[in-house]
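In: Sequence first, then the predicted structure, then my questions.
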Amino acid sequence: MILAEAGDWFALPLVHTTQGKAAVIALGYLVTLLASGRIIRALVPPPMPKPGVEAPAPSRRLHPSVVIGKAENILTVTMILASVETGLALLISAKALVRKEKIEEDPGFYLGGMLVNLTFGVLMGFLTRLAAFGE
């Protein structure tokens, strides 16, 4: 157990039934998906406007950054729950490679958003794993 040194009470799961564990895991994913965007908007400055370029008209479709961020949330929580934290390095590398030009263009928004989103996903994955499995 990861936190056995902190006391046995801290390393015990909060739920003991399969249904309870499933509910805790579902809640962990739900909170991560619903709260990550709000946290990013609160902590990361908005993207810098490009000189001479008008902002696009609002669309009913989700912006690709939102879709990518939510996929990152799911993958991050899943990797933490499955105890394959080293897989996060692949996720970070792939995203940094794909977004390289955007990161160079506006690092505060793209790199900051990626790191805040990843940090929140790791935290939620860890708390969910701790509550469901006690480890």
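Out: Received it, and whenever you're ready, just let me know what you need.
In: the helices in this protein, which residues?
Out: For the chain, applying DSSP state H gives helices covering 18-43, 64-81, 87-98, 100-105, 107-133.
In: Those helices: which one's closest to residue 53?
Out: Closest to residue 53 of these is helix 100-105 (Cβ to Cβ; 12.3 Å). Bear in mind the C-beta positions are built from the backbone N, C-alpha and C, glycine included.
In: in that closest one, what's buried?
Out: residue 103 (16 or more other Cβ atoms under 10 Å).
In: What helices and strands are in contact with that helix?
Out: Counting contacts by 3 or more Cβ pairs under 8 Å, 6 or more residues apart in numbering; DSSP states H and E, helix 100-105 packs against helix 107-133.
In: how far does the helix it packs on sit from the chain's center?
Out: Mean-position distance between helix 107-133 and its chain equals 4 Å (Cα atoms, centre = their mean, to the nearest Å).
In: could you say what helices and strands that helix packs with?
Out: On a contact count with 3+ Cβ pairs under 8 Å, 6+ apart, helix 107-133 meets helix 18-43, helix 64-81, helix 87-98, helix 100-105.
In: Spatially central residue in the chain, please.
Out: For the chain, the residue sitting closest to the mean C-alpha position, by Cα atoms, centre = their mean, is residue 121 at 2.8 Å.
In: these two touch, right, that one and residue 70?
Out: No. The pair residue 121 and residue 70 fails to qualify as a contact (Cβ atoms under 8 Å) at a distance of 10.2 Å.
In: Quickly list what's touching both of those two.
Out: residue 36 (Cβ atoms under 8 Å, 6 or more residues apart in numbering).
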